[in-house]
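*Asks:* next come a sequence and a model predicted from it.
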There are 2 protein chains.
Amino acid sequence: MTSEEQVSQHTPETSRSVSRDDGQTGVPLRPGSTAEAGERRKAARANRVKKGLVIVNTGNGKGKTTAALGILLRAWGRDMRVGGIQFLKHENANYGELRALQRMGVELTPMGDGFTWTSRDLDETQAKAVHGWETAKARISSGNYDIFLLDEFTYVLNYGWVDTADVIEWLRQHKPPMLHLIITGRNAPQALIDFADLVTEMREVKHPFRDQGIRAQKGIEY
Amino acid sequence: MTSEEQVSQHTPETSRSVSRDDGQTGVPLRPGSTAEAGERRKAARANRVKKGLVIVNTGNGKGKTTAALGILLRAWGRDMRVGGIQFLKHENANYGELRALQRMGVELTPMGDGFTWTSRDLDETQAKAVHGWETAKARISSGNYDIFLLDEFTYVLNYGWVDTADVIEWLRQHKPPMLHLIITGRNAPQALIDFADLVTEMREVKHPFRDQGIRAQKGIEY
């Protein structure tokens, strides 16, 4: 067993193939203590393939962008080549994540027009989104990245500024096989979900703005 | 309007109080274009309070820890004081996020015993978890942090290694009012959800390990 396998074996998120569970914590207390189970896991690991994943974080809850940022952070810690484009953030935005990533030498480029409701010219807003996707295509196909983030890209698709089927077809043909691509935003189109490898819905259970009138706070929300 | 308010107003996650929506994207295209709506929003903002949030990321999907890491990243970009404890990760762990945070000068301390299924002595594993919580209490109440993460802490609660009611009571009395606390892990106890300000369930929609036999990959999963 390589050290990488040892690490991945000890990660709770990857122990999913283990069926025994205490039914309460969602984590097995002592799975696979038998030799047989060990053999089964070993065979499962040998069969598993490595490939660049298409990851979609959607849903109406928090954490779609921050979970993507967490992956960028983790990958940066592994000296992987990470980058991305933020589609709705204004090109002059200076959010916490942008400050952090700049400091880390990671390029996450805001290429939006602010949000649509601040737009004085929706044609211009759409043009910026289209330009963002053109830039994304060039970067994705460049071979210069191990992980690339298209932050809030579902909005661009849902507004019809870029055609979802075209995007998927382009990715099928041009995404480097080992590149991990992360797409975030509410209401991911079904075709994108069908195309993706890993889809998580962030579901809002309790929200402080609505429930308690608490305002958005620096460092937490932006 | 301060520049902070301008920023928060342009963040899609904070536009929740705006009711108009195009029904497809989950984001309003042009909310509050009337003067009346502007006044309403202004009043809502004025009423909003700032406080340290208790944030819980739970559910069986991905992104619980990475979303917390994304918040740490964002806050670090704002020069906030961030830290945390990882409860299940082995004290000698060296995951991507730990490497990254070390490089950034952020202390995220693994204080676990690996995972329970690697434990040779569950009493020892429990003792480490209890020691982790004691350490967390000292750091949370120290006043040295703006944001603190208790990663995979729900497992410690669900195994009964630390009593949930005691934890909540302690937090009520000792958490500095402006400190944001993030707790991650599956199956968050209901009492913790009731106590928290912001709860998100990460719901697994599609998973590559199970669906395609793709293995956990460095930089993405760990």
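*Replies:* Happy to help now that I have it. Everything quoted here is computed from the prediction, not taken from an experiment.

*Asks:* other SSEs contacting the helix or strand containing A:T135?
*Replies:* Assigned by DSSP states H and E, A:T135 belongs to helix A:122-140. With contacts taken as 3 or more Cβ pairs under 8 Å, 6 or more residues apart in numbering or on different chains; DSSP states H and E, helix A:122-140 sits against strand A:82-90, strand A:107-112, strand A:147-151, helix A:153-158, helix A:164-174. C-betas here are computed from N, CA, C, even on glycine.

*Asks:* could you give the angle of that helix to strand A:82-90?
*Replies:* Angle, helix A:122-140 to strand A:82-90, by axes from the mean of the first three to the mean of the last three Cα atoms, to 10 degrees: 180 degrees.

*Asks:* averaged pLDDT, helix A:122-140. What do you get?
*Replies:* Averaged across helix A:122-140, the pLDDT comes to 90.

*Asks:* okay, buried residues for that helix please.
*Replies:* Of all the residues in helix A:122-140, those buried under the rule 16 or more other Cβ atoms under 10 Å in any protein chain shown are A:125-126, A:128-129, A:132-133, A:136, A:139-140.

*Asks:* I'd like to know which of the residues you listed is nearest to chain B.
*Replies:* Chain B has its nearest neighbour among those in A:T125, at 10.0 Å by Cβ to the nearest Cβ.

*Asks:* quick check, the closest one in contact with A:D113.
*Replies:* Yes: contact criterion Cβ atoms under 8 Å: A:T125 and A:D113 qualify, at 4.2 Å.

*Asks:* just give me the residue right at the centre of chain A.
*Replies:* Closest residue to the average C-alpha location of chain A: A:I182 at 3.4 Å, with Cα atoms, centre = their mean.

*Asks:* pretty sure that one sits in a strand.
*Replies:* Yes: counting by DSSP: H, G, I helix; E, B strand; the rest coil, A:I182 is found in a strand.

*Asks:* verify the contact between it and A:I71 for me.
*Replies:* Yes: using Cβ under 8 Å as the test, A:I182 is close enough to A:I71 to be in contact (6.3 Å).

*Asks:* which residues do these two both contact?
*Replies:* A:55, A:147 (Cβ atoms under 8 Å, 6 or more residues apart in numbering or on different chains).

*Asks:* is chain B within reach of the helix or strand where A:A68 lies?
*Replies:* Per DSSP H and E: A:A68 is located in helix A:64-77. Yes: judged by Cβ under 8 Å from any Cβ of the partner chain, helix A:64-77 and chain B are in contact via A:65-77.

*Asks:* hang on, the earlier thing: just the CA atoms of the helix holding A:T135, as CSV, please.
*Replies:* In CSV, the C-alpha atoms belonging to helix A:122-140 read as follows (Å, rounded to 0.1, in the frame of the first residue of the first chain):
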residue,chain,number,x,y,z
LEU,A,122,-27.8,43.8,-19.9
ASP,A,123,-26.2,43.3,-23.3
GLU,A,124,-22.9,44.5,-21.9
THR,A,125,-23.4,42.2,-18.9
GLN,A,126,-24.0,39.2,-21.2
ALA,A,127,-21.0,40.2,-23.3
LYS,A,128,-18.8,40.1,-20.2
ALA,A,129,-20.2,36.6,-19.3
VAL,A,130,-19.5,35.4,-22.9
HIS,A,131,-16.0,36.9,-22.7
GLY,A,132,-15.5,35.1,-19.3
TRP,A,133,-16.4,31.7,-20.9
GLU,A,134,-14.0,32.4,-23.8
THR,A,135,-11.3,33.1,-21.3
ALA,A,136,-12.2,30.0,-19.3
LYS,A,137,-12.0,27.8,-22.5
ALA,A,138,-8.5,29.1,-23.3
ARG,A,139,-7.3,28.5,-19.7
ILE,A,140,-9.0,25.0,-19.4
